[in-house]
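S.K.: Compute the structure for the input listed below.
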Amino acid sequence: AVWGGKSINLGRLEVDDAYRSKAFTLKVENSAEGQLGEYSLWLEGEPIGTGQVGQQSRFLQGAVQMNVTELNAATGAEFTLIKLQRSTAINRIKSRLSVNEIGGEGAGTGMLRLTLTGKSQHEIRRSLNAVAETFLTQNVERQSAQAEQSLAFLEEQAPELRDQLNQAENSLNEYRVDSESIGLDSEAQAAITQFIELEQRLNELEFQEAELAQRFTASHPSYQALLRQKRFVQNDLNELNERVNQLPAAQQEIVRRTRDVEVTQAIYVNVLNKMQELQMARAGTVGNVRIIDEALVGGTIAPK
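M.R.: Numbering: from 1, shown residues only. Predicted coordinates:
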């Protein structure tokens, strides 16, 4: 706040709900040149403690916490501090804020002018810049929300895939130790290669389905098209399994165990790569909103 040459700047003012909307009085106790400055805090005519400029202070057993970062006023000066209810603060700004498209309604310029009225030029400039910055920040957050959700899905999958891979590798190694027939003929090797391709494709479709499920219901055309693709891939897997069943028993077992290792490993590596891509995409997300000008306070005093 700035008033009559006196000014105060609060880096923090936090109060419990019971003290919101209550008027605290801050009295300057020592403002000697070259010193940080000291103040006392009062509530309903009673002192509740003292603090020093630049330091975090606690009052009423921590129910009130504040940090006065700047205090420019003579000893004995008083300031009234009120922490409003959130809804009250929002409505007060809302009643003073107007947003209009430059060029008039329907002009399609894509540029907005924000106007805020009030008594204090300092407060108007700071509040209006804060509104613009918040709008920009939320726009970026919305842009990165999809990457955030996809990343969360993959972070759940990765530990499970790692465990599955360990189990598959142990199973294959045990079988190779117990069995003398560990070689793979060309037909068996071709089957494993096909398994890897089809399982990776199925995993990719499941990942896409998790993304679509965040935006559409299962009856949406895009969702239905993806489900059809999954059925086609699953049918190809079923046919491949039938062909493997025609192989000798020893070959079937080594094919299935080798398939489990190589397929799980390929999917696990793919998931790790996707996680890295999404982390980079999230870190580099840029919104489609730009702040063209900082708040400019007019020099004319209007009725409001």
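S.K.: what is Glu101 paired to in the beta sheet?
M.R.: For Glu101, the beta-bridge partners under DSSP bridges are Leu112.
S.K.: how about the strands in the protein?
M.R.: Assigned by DSSP state E, the strands in the chain fall at 2-3, 6-15, 23-30, 38-43, 46-52, 56-59, 64-72, 78-82, 97-101, 112-116.
S.K.: Packing partners of the longest one?
M.R.: Contact here means 3 or more C-beta pairs under 8 Å, 6 or more residues apart in numbering; DSSP states H and E; on that basis strand 6-15 packs against strand 64-72, strand 78-82. From N, CA and C alone the C-beta is placed, and that goes for glycine too.
S.K.: So what's the residue count around Thr264?
M.R.: Neighbour count of Thr264, defined by other C-beta atoms under 10 Å: 22.
S.K.: Also Glu253?
M.R.: Glu253 is flanked by 15 other residues according to other C-beta under 10 Å.
S.K.: thinking again about what came up before, export the helices and strands packed on strand 6-15 to JSON lines and tack on mean neighbour count?
M.R.: Shown next, in JSON lines, are the helices and strands packed on strand 6-15 (neighbours: other C-beta atoms under 10 Å):
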{"stretch": "strand 64-72", "mean neighbour count": "18"}
{"stretch": "strand 78-82", "mean neighbour count": "15"}
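S.K.: Same list, those strands, but as TSV with distance to Arg256 please.
M.R.: Below are the helices and strands packed on strand 6-15 laid out as TSV (distance: least, C-beta to C-beta, whole Å):
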stretch	distance to Arg256
strand 64-72	63
strand 78-82	72
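S.K.: circling back: now the strands of the chain as TSV including mean pLDDT and distance to Asn170?
M.R.: Shown next, in TSV, are those (pLDDT from 0 to 100; distance: least, C-beta to C-beta, whole Å):
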stretch	mean pLDDT	distance to Asn170
strand 2-3	48	71
strand 6-15	88	54
strand 23-30	91	66
strand 38-43	93	66
strand 46-52	93	63
strand 56-59	94	55
strand 64-72	91	55
strand 78-82	93	66
strand 97-101	89	62
strand 112-116	89	61
